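[1] Quick one: sequence and predicted model below, then my questions.
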Amino acid sequence: MNMNRVHTVKDFLAPTRSLGAILVDAGRLSQLQAGLVVQLQMDEGLRFGEAARKLGILDAEDILFGLARQFEYCSLAADDTSVSPEVLAAFGSRHPLVDRLRDVRSQVLLHWMGSEPARKSLALVSTRRGEGKSFIAANLAVLFAQLGQRTLLVDADLIHPRQHQLFNLDNRTGLSSVLSGLAGLQAAVPIPRLGGLAVLTAGPTPPNPRELLARPLLANFLGQATQAFDIVLIDTPSAALADAQIIAAHAGASILVSRPNFATLAETAALTSGLDNLLGAVVNEF
């Protein structure tokens, strides 16, 4: 984050552009329509959005779209197909699970995250496949980016990757390329419509994922990533593979993602006992 300027509460609450100008630039409103809305707004003392809806020019989705950009809260329109519908947070969702993940984000910010590199990388782990770890990682990454955090989401599941599907990205270059020495941090793909979010996909499936993950290049890469980003979230393989613990050991902390009646207590206990940096757990019922 840029620390050269001291921000005030007003900086975060005051919009920098009018709602009408934003919607005109986005092609959701013509200059003529904007003029009609402003006239009614002045005549009846209405807010811009209220006047536009009264005239039937804009609907609620248009207004939410404009307000998100006016207050620099990056979200996508409900009909946007550039990101999977599973990434609920990308659409400004008030889904109960997303609200709970906002609570998780707040706890991480308040009690763990810091400026030193060791407090910037966070691995998400689960006992079995299918517990929703990739879903949680994707939504949590978007939520951090929506706060203005420079956020890197890394798909470290080299055998069953998901993040390229969730963000509709090409997977020909990714973490496996980085660990093979064929690419660097620049392989991460910015998602500009979601603030400071970038995604590093898993890349081509290698014949030797465990050996790749055990190389010093992983630690070197995470060191570079924590210098370039405010937070690095790592989607790991399930703990059925020892790869997850290798990755988590290189992260500053780890969060367990668990789904009720999915993994056994013994399996979950075995995983958590092998993690020296467990920060907490998220129970996923999605």
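    Yep, that arrived. Worth saying up front: this structure is predicted, and the values here are computed from it rather than measured. Numbering: from 1, shown residues only.
[2] Shouldn't Val199 be within a strand?
    Yes - Val199 forms part of a strand when assessed by DSSP: H, G, I helix; E, B strand; the rest coil.
[3] Go ahead and confirm it touches Leu175.
    No - with contacts counted by C-beta atoms under 8 Å, Val199 stays clear of Leu175, the gap being 10.6 Å. Bear in mind the C-beta positions are built from the backbone N, C-alpha and C, glycine included.
[4] what's the overlap in contacts for these two?
    Where contact means C-beta atoms under 8 Å, 6 or more residues apart in numbering, the residues bridging Val199 and Leu175 through contact with each are Val154, Asp155.
[5] between those two, who's got more neighbours?
    Neighbours of Val199 and Leu175, each counted by other C-beta atoms under 10 Å, are more numerous for Leu175; the result is 31 against 24.
[6] Using CSV, list the CA coordinates for stretch 91-98.
    In CSV, the C-alpha atoms belonging to stretch 91-98 read as follows (Å, rounded to 0.1, in the frame of the first residue of the first chain):
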residue,chain,number,x,y,z
PHE,A,91,-20.5,-9.5,-7.5
GLY,A,92,-20.9,-7.5,-4.3
SER,A,93,-22.9,-10.4,-2.9
ARG,A,94,-24.6,-10.2,0.5
HIS,A,95,-24.7,-14.0,0.6
PRO,A,96,-24.5,-15.1,4.3
LEU,A,97,-21.3,-17.0,3.5
VAL,A,98,-19.6,-14.0,2.0
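[7] Let me see the mean pLDDT of that stretch.
    Per-residue pLDDT values across stretch 91-98 average out to 82.
[8] Could you do stretch 258-265 as well?
    Confidence over stretch 258-265 (mean pLDDT, whole number) is 83.
[9] can you check stretch 113-126 too?
    The predicted model gives stretch 113-126 an average pLDDT of 91.
[10] Below-threshold pLDDT in the chain: ranges please.
    1-16, 61, 64-65, 67-73, 240-241, 286 (pLDDT under 70).
[11] Need phi/psi at the residue lying farthest from the centre of it.
    Note on the chain: the largest C-alpha distance from the chain mean falls to Asp43, namely 42.5 Å (C-alpha atoms, centre = their mean). Dihedral angles of Asp43 (phi, psi; degrees, to the nearest 10) stand at phi -70, psi -40.
[12] Give me the distance between it and Lys54.
    Going from Asp43 to Lys54 by C-beta to C-beta, to the nearest Å gives 11 Å.
[13] Give me the phi and psi for the residue lying closest to Val283 once chain neighbours are set aside.
    Residue nearest to Val283 in three dimensions, not counting chain neighbours: Ser258, with 5.5 Å by C-beta to C-beta, 6 or more residues apart in numbering. Main-chain dihedrals, Ser258, degrees, to the nearest 10: phi -130, psi 140.
[14] pretty sure Ser258 contacts Gly280?
    No - counting by C-beta under 8 Å, no contact exists between Ser258 and Gly280, whose distance comes to 11.0 Å.
[15] anything in contact with each of these two?
    Once C-beta under 8 Å, 6+ apart is applied, it turns out that Ser258 and Gly280 contact no residue in common.
[16] between the two, who's got more neighbours?
    Just comparing Ser258 and Gly280: by other C-beta under 10 Å the higher neighbour count belongs to Ser258, 20 against 13.
[17] what's near enough to touch that one?
    Remark: with contacts taken as C-beta under 8 Å, 6+ apart, Ser258 is in contact with Ser126, Thr127, Glu131, Thr268, Ala281, Val282, Val283, Asn284.
[18] looking at it, the fourth one is touching Arg128, isn't it?
    So that's Thr268. No - because the distance of 9.2 Å does not satisfy C-beta under 8 Å, Thr268 is recorded as not touching Arg128.
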